[in-house]
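In: generate coordinates for the sequence data below:
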Amino acid sequence: MTTPAPEMYRRIDEAVVDMINEFRIQRATGPLPDKALDQIVFRAVHSVVQVLGPYTRDERNVLWPSVLRMLLASFIREIGIADTMPRAAEGGEGKEKTDRGRGQ
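Out: Numbers count the residues shown, from 1 in each chain. Next up, the predicted model:
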């Protein structure tokens with residue numbers, strides 16, 4: 001039995017949204033320890049792996065690039081590129097951390 005593409009996309013999208021929501025909830029209480037972040041990501045990955053469960057190993061190997069694209073698209077859509085751009089600029093995006101960046 002295989003999972004149709006729209007159902008697969010929906011379940012992957014839900015896993016990403018749940019992961020981001022859980023991250024935001026836990027981050028609201030303060031800094032997030034690495035262990036908590038690992039647990040959040042593990043739960044999302046587990047959901048995605050279950051989506052691919054009905055497929056044979058060869059089918060899963062073929063599907064992984066598409067699954068990764070779906071994950072990335074869901075992640076970008078959920079957090080919003082505009083939401084991340086100011087934070088990246090504040091962090092010094094585009095500044096070299098080597099001697100070349102200092103003109104030496």
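In: poorly predicted segments of the chain, please.
Out: Scanning the chain for pLDDT under 70 picks out the ranges 1-3, 81-104.
In: nearest residue to the residue nearest the centre of it in space, please, no chain neighbours.
Out: Centre of the chain computed as the mean C-alpha position; nearest residue by Cα atoms, centre = their mean is residue 75, 5.1 Å away. The shortest distance from residue 75 to any non-neighbouring residue, by Cβ to Cβ, 6 or more residues apart in numbering, is to residue 16 (5.3 Å). The way it works is simple: take the backbone N, C-alpha and C, and place the C-beta from them, glycine included.
In: helix or strand: which one has that neighbour?
Out: helix 5-28 (DSSP states H and E).
In: who's in contact with residue 9?
Out: Residues near residue 9 by Cβ atoms under 8 Å, 6 or more residues apart in numbering: residue 70.
In: may I see the buried residues of the helix holding residue 16?
Out: Residues 8, 9, 11, 12, 13, 15, 16, 19, 20, 22, 23, 26 are the ones in helix 5-28 that count as buried (16 or more other Cβ atoms under 10 Å).
In: closest one of those residues to residue 56?
Out: residue 8 (14.9 Å; Cβ to Cβ).
In: leaving aside the residues next to it on the chain, what's closest to the closest one?
Out: residue 51 (5.3 Å).
In: how far away is residue 28 from residue 52?
Out: 32 Å (Cβ to Cβ, to the nearest Å).
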